[in-house]
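**Student:** Fold the following.
(2 chains)
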Amino acid sequence: MSTIDFKPGLIQGGRAPGYETYKHASHFRTKDEEFDACKTGMWLFLATEVLLFAGIFVWYSIYRMMYPDAFRNGSSYLDWRWGGLNTVVLLISSYTMAMSINHFQHNRQKEARRNLVITLVCGALFVAIKLLMEYIPKMTGWHFDPTMSHAGGEALTKFGGLFYFEQGYGGKLPGILFSYPFATDPHENMWWSLYYTGTGLHAAHVLIGMALIARVWWFSRPGVENYGPKHYTGVEMAGLYWHIVDLIWIFLFPLLYLIH
Amino acid sequence: MNHNQPLRSAHAADAHGHAPGGFDETNPHGTAAGHHAHKHVIVSAFTNRVVLAVLLTFTALTVGLANAEVWIQQYFDIHFPTWVNVSVAMSIATVKAALVVMYFMQLRYDNPINTVIFLFSLFAFALFLGFTTIDLDNRGKVYAYKGGEVQVGGNRIVGAKTLDKPIVQQRREEFLKSVLAGDQAKFDAMKAELFHHRQNYHPRVEHSVSTSGTSRPRGGTTPGLFEAKAPADDGHGHGADHKHDSNSATKPASGSGH
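**Tutor:** As a prediction, the model looks like this:
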């Protein structure tokens, strides 16, 4: 383990960067005290996030115990390859987020910002896979096909073959909206309620995390450089949020895709 | 502290804690010199890379094991119980989560209070899940209790058995059968002997209703309170109280049914 040791410099215009001139709030004695207080506050918030998702996990456990067949069937509709790919995407984004903090601590602004961008791209990729490969086909029956292999074929297509329709595939909707005709268990709509609530709540957290990271990226732009060795509280907090999102997916993935 | 000065000098002063003079007015309890004296830890790029590699390996492992289980079932007809599948997947997920929390979220190098907060949220989750599971597990017993006819004195829940007669009667019959071999005369003699020594025993006098002249204590419910009575049709739609109500000066004859 190394600790922070750096030589301060000047940014364009001959003035000190944002992390040099940062003043901690007046009710803290030092910047370190502020950093620690922020971190503990963030952990308290993350504890409430754990409890929020605890509701989903308890819901899952109870319904799984009560309706094991519905959940076995429901899980079999999911493709572990998309779930696995999303897991890999999120894990890589967690790594780049951690590396971004590492670079800010060493005052490597360019590398830090590049890692933030990779994190954002991974987050966007996660949501895109979720929507195009899972939500939209399961809900509507419209499959996303970037190869456009169905263009001009028998299947109904949209956007020049980018989407093609498969009759009878869609309708896997939550609760009373359920309209999938080939369900084999009377409780299958409840599985979809859980699936969309759990993954949807998680996807919402991904979007919020992306907003936080985009904010860090914006305020770390050249000429502002709000984050550096002396002050990176904002990056650290966005990172903690991003990691808890990753943490929840680490449990959601096996529960939904792998347990059969 | 002058905020116009670069904060580096302020940082150096704080890192040393107390001012050289001894008592520091800005930090009377010396808290800033406590756990704030440490420098911020940098988790190295190497550590992050190793953690990422382990996380990706464990992801491949959990997917591989889940699919291997299906494959073994298909080709070798060996069926694993569900708990194997669940516990393998959840154990790997827990290891992955621990790695993320310890290294990416830096809890390992952090103020221990943050670990306490995080573990406490897990403890609350365990309570939530645990008590809900216990509840779900005992629904059968509760439903058996609720489904049966409720007896005077309550139905026994333990062992999911319900009584079909009041528990006082049940126990009396059990005693008579198992101890006295059904000897009713012996039972009566035993009861008389025991009751003789009960100083405050007053056998209940039937119909000992209070009157305007005498107040008599009595227990139990009002006689006839729960007896179903068909209202007598006297042409006015009122029952037996009709005469009484019409004679009353203060109460108008509003049919209440009894």
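**Student:** Count the residues that sit near B:V142.
**Tutor:** When counting by other Cβ atoms under 10 Å in any protein chain shown, one arrives at 12 neighbours for B:V142. C-beta: built from backbone N, CA, C; applies to glycine.
**Student:** helices or strands up against the helix ranked longest in chain A?
**Tutor:** Ranked by residue count under DSSP state H, the longest helix found in chain A is helix A:31-66. In terms of contacts (3 or more Cβ pairs under 8 Å, 6 or more residues apart in numbering or on different chains; DSSP states H and E), helix A:31-66 is packed against helix A:68-76, helix A:188-219, helix A:233-253, helix B:7-15, helix B:112-137.
**Student:** how does it look with 10 Å?
**Tutor:** Counting by 3 or more Cβ pairs under 10 Å, 6 or more residues apart in numbering or on different chains; DSSP states H and E, the packing neighbours recorded for helix A:31-66 are helix A:68-76, helix A:188-219, helix A:233-253, helix B:7-15, helix B:82-99, helix B:112-137.
**Student:** between the first one and helix A:188-219, how many degrees?
**Tutor:** Angular relation of helix A:68-76 and helix A:188-219 on a 0 to 180 degree scale: 40 degrees, by axes from the mean of the first three to the mean of the last three Cα atoms, to 10 degrees.
**Student:** Show me how far helix A:68-76 is from its chain's centre.
**Tutor:** Taking the mean C-alpha point of helix A:68-76 and that of its whole chain, the gap between them comes to 25 Å (Cα atoms, centre = their mean, to the nearest Å).
**Student:** and that helix, what's its mean pLDDT?
**Tutor:** The average pLDDT for helix A:68-76 rounds to 89.
**Student:** So is that helix next to chain B?
**Tutor:** Yes - in terms of Cβ under 10 Å from any Cβ of the partner chain, part of helix A:68-76 sits within range of chain B, namely A:P68, A:R72, A:S76.
**Student:** Could you list the low-pLDDT ranges of chain A?
**Tutor:** Within chain A, the set of residues satisfying pLDDT under 70 comprises A:1-14.
**Student:** list the contacts for the residue nearest the centre of it?
**Tutor:** Centre of chain A computed as the mean C-alpha position; nearest residue by Cα atoms, centre = their mean is A:V206, 3.0 Å away. A:V206 sits next to A:86, A:90, A:93, A:122-124, A:126-127, A:130, A:242, A:245-246, A:248-249 when contact means Cβ atoms under 10 Å, 6 or more residues apart in numbering or on different chains.
**Student:** mind redoing it with 7 Å?
**Tutor:** A:G123, A:F126, A:V127, A:V245 (Cβ atoms under 7 Å, 6 or more residues apart in numbering or on different chains).
**Student:** Narrow the residues you listed to those that are buried.
**Tutor:** Burial of the contacts of A:V206 was assessed by neighbour count (16 or more other Cβ atoms under 10 Å in any protein chain shown); the buried members are A:G123, A:F126, A:V127, A:V245.
**Student:** Restricted to helices, list those residues.
**Tutor:** Counted as lying in helices by DSSP H, out of the buried ones among the contacts of A:V206, are A:G123, A:F126, A:V127, A:V245.
**Student:** thinking again about what came up before, turn the helices and strands packed on helix A:31-66 into CSV, columns for distance to A:M97.
**Tutor:** Compiled in CSV, these are given as follows (distance: least, Cβ to Cβ, whole Å):
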stretch, distance to A:M97
helix A:68-76, 30
helix A:188-219, 7
helix A:233-253, 5
helix B:7-15, 26
helix B:82-99, 14
helix B:112-137, 18
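**Student:** if you compare these, which one is most tucked away?
**Tutor:** Comparing these on average neighbours per residue, with mean count of other Cβ atoms under 10 Å in any protein chain shown, the densest one is helix A:233-253 at a mean of 24.
**Student:** In space, what's closest to A:K158 - neighbours in sequence excluded?
**Tutor:** Across the structure, with Cβ to Cβ, 6 or more residues apart in numbering or on different chains as the measure, the residue nearest A:K158 apart from its sequence neighbours is A:W142 (6.9 Å).
**Student:** For that neighbour, list each beta-bridge partner.
**Tutor:** Partner residues in beta bridges with A:W142: A:F165, with DSSP bridges as the criterion.
**Student:** just to revisit the earlier point, tell me the two of the ones in helices among the buried ones among the contacts of A:V206 that are most distant?
**Tutor:** Across these, no pair lies farther apart than A:V127 and A:V245, at 11.4 Å, counting by Cβ to Cβ.
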